[in-house]
Structures are given as C-alpha cells and as structure tokens.
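Undergrad: starting from these lines, generate the structure:
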Amino acid sequence: MRKSILSTFVIAAFLTVVVGCKNDKNKAETSEAKDAATAQAEAMEFKVDTAASVIEWKGSKPTGKHTGTIKLAEGTFSANDSIIESGSFVIDMQSINITDLEGKDKKDLEAHLMGTVEGKEGDFFNATKYPEATFEVTEITEKDGQKMLSGNLTIKEETKNITFPVTINQSDDNMEITSEEFSIDRTNWNVNFGSKSVFDGLGDNFVSDDITLKINLKATKA
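TA: From the prediction side, this is the model:
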C-alpha cells in the first residue's frame with residue numbers, strides 16, 4: 001500500500017514538472033520597458049495590411065476557455081533581408097471579438113472585456129478610456145536557431161518589454177510576421193479581474209492570469 005501511494009506521488013510530481021516546463025517554454029520573457037530600436041538608412045519600410053492581419057487570443061478559467069481575435073489599427077516596419085530593424089503597431093482594443101460564443105453570450109462577454117458595462121469598466125481592458133494598445137520593436141535576436149522579437153507592449157498606459165518567437169518571410173514587396181503561440185501575464189498590465197494572484201478567497205471562481213496570443217501580420221512595401 002505504501003509503495004502504491006509513493007508511486008502515485010512520484011507520477012503526480014513528474015506530471016507537474018512536465019506541465020510546468022511546457023507552460024514556461026511558451027511564456028513570453030517579460031521585463032521593464034527598453035529603448036526603441038532604430039533602423040539603418042538603407043532599410044526598406046513596410047506598412048501593415050490591417051485587413052489581412054490579426055491577433056488571436058485565448059483566455060481560460062476552471063470551467064473552460066474562450067477564444068477570440070483583435071484587429072490592428074495601423075503599423076509600420078523597417079527591415080533588411082528579413083531582419084526587422086525597427087517598427088511599431090497599434091492594436092484596436094475596441095475590436096475585441098469572441099469566436100467561441102454566439103448571440104447574447106458573445107455580446108455580453110465582449111462588452112465585459114471592453115469595459116462597456118456600467119460599473120465594470122475597469123475589470124478588463126476599459127477600451128473606452130484606453131482604445132488603443134501599442135507594440136514598439138526594441139530588438140530582434142536569435143536563440144537556438146529561432147528568431148526572437150522583443151518590444152515594448154503598452155496596455156492601459158502600462159508598458160512592459162516582452163520577447164517571443166517569430167517567423168519572418170520577406171519578398172521584394174511583402175513581409176509576413178507570424179509568432180508561435182505565447183502567453184503573457186495580464187496582471188503585469190493591471191488587468192486584474194478574477195486573478196488569484198491579486199485577490200484572495202476566489203476559490204475556483206478565478207480567471208487565469210495568462211493570456212495566450214498568436215500574432216499574424218502582413219505588410220507591403222511602403
């Protein structure tokens with residue numbers, strides 16, 4: 001009996017380590033804001049095609065998860081030989097869209113996230129007060145053969161530098177930037193609703209601090 005209990009404990013511990021490692025691998029490196037990158041004079045400028053670009057997101061809680069998209073308002077990048085030297089884009093926080101719900105449930109959750117529900121404006125993104133979020137490139141590096149994009153992400157006037165893996169494809173007149181899925185801790189930007197790391201006594205009535213993102217940008221030569 002004792003051996004069985006010990007074996008169960010070892011297996012549980014092993015699974016915890018494996019799951020923890022997987023989550024850590026997908027977590028964006030986060031630090032304080034850094035200086036924006038500047039491009040060389042010979043770099044080509046690309047303008048983001050906002051109609052063809054999108055950010056996909058996932059949020060979760062004990063009872064399930066939700067998926068959605070958010071649009072870009074504008075963006076430009078300067079690049080040389082598929083290497084981004086500088087750039088920035090603006091995220092339209094009033095375009096938050098839920099893709100796994102329909103009807104009233106969809107509208108209600110979108111309103112809660114955007115902060116258009118009276119008395120709940122500050123629960124999540126308060127898009128009426130903060131209609132835009134921004135990302136400004138600070139550096140692009142390579143790690144284990146993978147390009148890593150770093151930039152200052154500003155949400156609700158709070159700025160943090162994040163680093164995440166990307167694939168960059170550039171032709172003469174077009175550029176495509178696609179990230180792998182990565183997660184950020186929303187509480188770093190004061191998006192605290194339902195967070196167990198911020199509020200006590202939530203039990204199972206909490207929302208995960210981590211938001212999973214996947215960025216798909218398409219741009220054309222300016």
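
Undergrad: wait, Trp189 touches Ile155, no?
TA: Yes. If you go by CB atoms under 8 Å, Trp189 and Ile155 touch, sitting 4.0 Å apart. The way it works is simple: take the backbone N, C-alpha and C, and place the C-beta from them, glycine included.

Undergrad: give the contact list for Ile81.
TA: Residue 81: Asp, not Ile. Gln170 (CB atoms under 8 Å, 6 or more residues apart in numbering).

Undergrad: what of the one 3 residues further on?
TA: Shown here is Ile84, whose contacts under the criterion CB under 8 Å, 6+ apart are 77-78, 137, 140, 149, 168, 177.

Undergrad: next one: it from Ser78, what distance?
TA: Look at Ile84 and Ser78: by CB to CB, to the nearest Å, they are 7 Å apart.

Undergrad: hmm, back to that, now for the contacts of Ile84, which pair is the farthest apart?
TA: Ser78 and Leu149 (13.7 Å; CB to CB).

Undergrad: go through stretch 199-214 and flag the buried ones.
TA: 206-214 (16 or more other CB atoms under 10 Å).

Undergrad: where does pLDDT dip in the chain?
TA: 1-25 (pLDDT under 70).

Undergrad: any chance you could map the helices in it?
TA: 2-26, 103-114 (DSSP state H).

Undergrad: re earlier: of the contacts of Ile84, which belong to strands?
TA: Under the assignment DSSP state E, these contribute 77-78, 137, 140, 149, 168, 177 to strands.
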